[in-house]
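Peer 1: Return a 3D structure for these sequence lines:
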Amino acid sequence: MATQKGESSNAHEIILKHPVFNLMQWLANSPSGDQVARELVLNYFQLLGATQSRLVVTDDEGNAYFVGDFGFDKTFTGTSQSLEYWQTRTDEIVKIEIGPTGLGWSTSGLYLQARVNDFGDTRGWITIGFTRETDRLEAEQLMQILKHVVGIYMSTIQLTASKAAKTPRSSVSKESFTPRQLAILGGMVEGKTNHELASELGFSVSTIRHETMRVYQALSVSDRREAAREALERGIF
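Peer 2: Below is the predicted model of the structure:
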């Protein structure tokens, strides 16, 4: 009996130390998508040379929702992009071919991508970016372990994103703005400040601020990041 208790105790300790169990416990605290992306890099893939992570969920129409980024350009963070948009892209991480294991590497070998399934349907993607060639087998094994747990987390976001996508939005298009406002909105998408836009466009800072508020009002947003996100989602840029 003592041996059985000892074996049971050892098994329990092994389970508690398993990366999947640790990640499950942490995800139970409802972290943000960016926090999950950061966790994957810093606590799991960093020793293999990873510096980037991205989480994307998709709906039935193939629209992609960027729910978490760490280390990547923040242009897409919090935005959604249509299937048609992705078909026009030629980026290395967009063209990754996923194999029968649900994993795929970019041509440079610096990006590992995992398909997240939900009852057989593709429901999202996890992309890990590396600064150097890494041990592919070890990276794939770790991804196979973690993607199922992260997939459960992403499935809850996917449901929320799908509901949001069906919510009617006001009819705002490129034609809703004056040339000046479009130039300012384009600057927001590029991450430029009011002072930079004033210098570039030849207007006073107060004029830029005034037009910025009009852009916010048209898009029903309250800051530059939301305005840039709306501009991308609506296809204005």
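
Peer 1: Run through the bridge partners of Val116.
Peer 2: Gly124 (DSSP bridges).

Peer 1: how far away is it from Gln87?
Peer 2: In this view, Val116 and Gln87 are 20 Å apart by CB to CB, to the nearest Å. Placement of C-beta: from N, CA and C, glycine included.

Peer 1: for Asp223, same thing?
Peer 2: In terms of CB to CB, Asp223 sits 31 Å off from Gln87.

Peer 1: ok, Asp69 - contacts?
Peer 2: 33-34, 37, 53-55, 76-77 (CB atoms under 8 Å, 6 or more residues apart in numbering).

Peer 1: Now the buried members of the residues you listed.
Peer 2: The neighbour-count test (16 or more other CB atoms under 10 Å) marks 33-34, 37, 53-55, 76-77 as buried among those.

Peer 1: So which elements touch the lengthiest helix in the chain?
Peer 2: For the chain, the helix reaching the highest residue count under DSSP state H is reported as helix 136-165. Here helix 136-165 touches helix 19-27, helix 33-40, strand 50-58, strand 64-70, strand 103-105, strand 111-118, strand 121-130, going by 3 or more CB pairs under 8 Å, 6 or more residues apart in numbering; DSSP states H and E.

Peer 1: Next SSE downstream of the fourth one?
Peer 2: Heading C-terminal from strand 64-70, the first helix or strand you meet, by DSSP states H and E, is strand 80-81.

Peer 1: mind checking how far that next one is from the chain centre?
Peer 2: The chain centroid and the centroid of strand 80-81 are separated by 10 Å under CA atoms, centre = their mean, to the nearest Å.

Peer 1: Quick one: list the elements packing against it.
Peer 2: With contacts defined as 3+ CB pairs under 8 Å, 6+ apart, the packing partners of strand 80-81 are strand 64-70, helix 224-233.

Peer 1: Any chance of these in CSV with mean pLDDT and distance to Val150 as columns?
Peer 2: Shown next, in CSV, are the helices and strands packed on strand 80-81 (pLDDT from 0 to 100; distance: least, CB to CB, whole Å):
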stretch, mean pLDDT, distance to Val150
strand 64-70, 86, 9
helix 224-233, 83, 23
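
Peer 1: Skipping adjacent residues, who's closest to Gly68 in space?
Peer 2: Among residues not flanking Gly68 along the chain, Gly33 sits closest, at 2.8 Å (CB to CB, 6 or more residues apart in numbering).
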